[in-house]
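S.K.: just the structure for this:
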Amino acid sequence: MELRQIQYFVAIAELEHFGQASRRLHIAQPALTRQIKLLESELGVELFERLPRGVKLTAAGHVFLSHTRDIRQRIEHAVIEAQATAAGLSGTLRLGVIEVAAWRGMVPEGIRQFRASQPGVRLLLSAMLGAEQIEAIQDKTLDAGLMYNAPKHLGLKILPLEEHPVMLACHGATRFADMEEISLNDLADVDLIGFQRPESPKYYDDLKAAFARKGFAPRVIAEMKREADMLALVSAGAGVALVNSCQRFRPPFEVRFRRVVDLDVRLTLSLVHLQTPRSPVLDRFAETLAPLAYS
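M.R.: Residues are numbered from 1 along each chain as shown. Predicted coordinates:
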């Protein structure tokens, strides 16, 4: 049984006439008749009762029509879905997001615009650290990630989107809370809460190099895995911390953020994914982010 035979059968059933069906289908009537006879022979039943003027369905024909219409609709739906997926209008996008970047700015705006423009795409978001995102992308449990200072691994494509400066986080009861601008010299004898290098090697090394250029030797009392843990200690009055400036959009209790005038260290936010295979849905998301990048 061939798909075209089903199409021929449905046309004849709807028009109840071989001649009219042949004109609709743009096929010679003898060829159409031959195909229906082959179909009936394969099924072992008569689908049509031949009349002097046209045909009508037999009982078996009515049952076969109800099922073949469903088959045709499913095929048409499959074609539409396949075309939509190829165009990036349908499917699923599994996206990792580093939490601090999602509070304000291009990331939430890009996600909002993408959802509005691509309602047929299922967007699955996971809040993950950068190192976790890289592992998930390589394992193909994520399609892409939004992360800072992405490492240049072979096989990864990195699309830079924005740069966010580093700021000082301090408790509201400290002298720094009343200062509009701070220099590294002001932090010479202050307890500093840092972070562990494996979580962001480039960021760690950039800070270390910036300190060395200024001759600044920080008094680091602890190194944490996440900035949220660093800020928790700042909130408790344990010390100060140098953190992503986006943290100021959701400040912990009693924590203030101040610019360090002689410290120019920035974190580059990027969209990261495998070089291949290409994903039309991911391409659509990247196209949505592009006009927002560095705006």
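
S.K.: how many other residues sit next to L38?
M.R.: 13 (other C-beta atoms under 10 Å). The way it works is simple: take the backbone N, C-alpha and C, and place the C-beta from them, glycine included.

S.K.: correction: Q73
M.R.: 10.

S.K.: quick check: closest non-adjacent residue to L289.
M.R.: G110 (4.6 Å; C-beta to C-beta, 6 or more residues apart in numbering).

S.K.: what does that neighbour show for phi and psi?
M.R.: phi -60, psi -40 (degrees, to the nearest 10).

S.K.: with G239 instead?
M.R.: Taking degrees, to the nearest 10 as the convention, G239 sits at phi 160, psi -170.

S.K.: in contact with the residue nearest to S200 when sequence neighbours are not counted, which residues?
M.R.: Spatially, and ignoring its direct neighbours in sequence, S200 is nearest to N149 (5.6 Å; C-beta to C-beta, 6+ apart). By C-beta atoms under 8 Å, 6 or more residues apart in numbering, N149 lies in contact with G130, S200, K202, Y203, D206, L267, T268.

S.K.: one more: Q29?
M.R.: F18, G19, S22.

S.K.: re the thing from before, least trustworthy position among the contacts of N149, going by pLDDT?
M.R.: Across these, the bottom pLDDT score, 85, is held by S200.

S.K.: quick check: the gap between it and E227.
M.R.: 10 Å (C-beta to C-beta, to the nearest Å).

S.K.: and the strands in the stretch 101-250 of the chain?
M.R.: Assigned by DSSP state E, counting those that start in this stretch, the stretch 101-250 of the chain shows strands spanning 121-127, 144-148, 156-171, 181-182, 191-195, 219-224, 240-244.

S.K.: turn these into TSV, including distance to V10.
M.R.: Below are those laid out as TSV (distance: least, C-beta to C-beta, whole Å):
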stretch	distance to V10
strand 121-127	33
strand 144-148	43
strand 156-171	47
strand 181-182	77
strand 191-195	66
strand 219-224	67
strand 240-244	61
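
S.K.: mind putting those in a markdown table, distance to W103, mean pLDDT and mean neighbour count included?
M.R.: Shown next, in a markdown table, are the strands of the stretch 101-250 of the chain (distance: least, C-beta to C-beta, whole Å; pLDDT from 0 to 100; neighbours: other C-beta atoms under 10 Å):
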| stretch | distance to W103 | mean pLDDT | mean neighbour count |
| --- | --- | --- | --- |
| strand 121-127 | 11 | 92 | 14 |
| strand 144-148 | 12 | 95 | 25 |
| strand 156-171 | 11 | 95 | 19 |
| strand 181-182 | 23 | 89 | 16 |
| strand 191-195 | 19 | 95 | 19 |
| strand 219-224 | 19 | 94 | 14 |
| strand 240-244 | 10 | 96 | 24 |
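
S.K.: show me the shaky parts of this structure.
M.R.: Of all residues in the chain, those with pLDDT under 70 make up the ranges 76-90, 295.

S.K.: select, out of the strands of the stretch 101-250 of the chain, the one closest to V261.
M.R.: strand 181-182 (4.9 Å; C-beta to C-beta).

S.K.: parallel or antiparallel, list what pairs with that closest one.
M.R.: Applying DSSP bridges to the sheet, strand 181-182 is found paired with strand 255-260 (parallel).

S.K.: all set, thanks.
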